[in-house]
Each structure stands twice: as structure tokens, then as C-alpha cells.
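Undergrad: Generate a structure from the sequence data that follows.
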Amino acid sequence: TGSVMGAGAARRIRAVRWKVSRQIIFSWVITIPGAAGLAIAFTYIIHLFV
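TA: Okay, the predicted model is just below:
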């Protein structure tokens, strides 16, 4: 995210691709809790069998 905005801002602030930045931030918001949820689920399942 920072590199996308930084590369655009190096030219001028209007060159920043805000749509791409929003997509990256949205994917982080979904990915990190999703990965944590899967880790919790798999840990729970493994503890059932071990």
C-alpha cells in the first residue's frame, strides 16, 4: 500500500491510484482476520484428534 501511494505521490498527489490503495487495504482487512480464523479452526480440529 505504501509503495503504491508513495510511487504516485513522488510525481504528484493526483497521480496516486486511490482505487488500487483501497483494494489493497480491503484485502488486508479480509485476509488477516480470515487467516486468524482458519488458524483457530484448524487448531481446534487438530486438538480434537490429538
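
Undergrad: where along this structure do the helices fall?
TA: In the chain, the segments counted as helices under DSSP state H are 2-11, 18-49.

Undergrad: helices or strands up against the longest one?
TA: Helix 18-49 is packed against helix 2-11, with contacts defined by 3 or more Cβ pairs under 8 Å, 6 or more residues apart in numbering; DSSP states H and E. Placement of C-beta: from N, CA and C, glycine included.

Undergrad: State the pLDDT value of residue 10.
TA: We have a pLDDT of 68 for residue 10.

Undergrad: and what of the one 5 residues further on?
TA: In the prediction, the pLDDT value recorded for residue 15 is 66.

Undergrad: Check residue 19 too.
TA: Reading off the confidence values, residue 19 has pLDDT 81.

Undergrad: for residue 34, same thing?
TA: Note for residue 34: predicted pLDDT of 96.

Undergrad: so how far is residue 40 from it?
TA: 11 Å (Cβ to Cβ, to the nearest Å).

Undergrad: One more: residue 21?
TA: Distance, residue 21 to residue 40, using Cβ to Cβ: 29 Å.

Undergrad: So between the two, which is more surrounded?
TA: residue 21 (15 against 10; other Cβ atoms under 10 Å).
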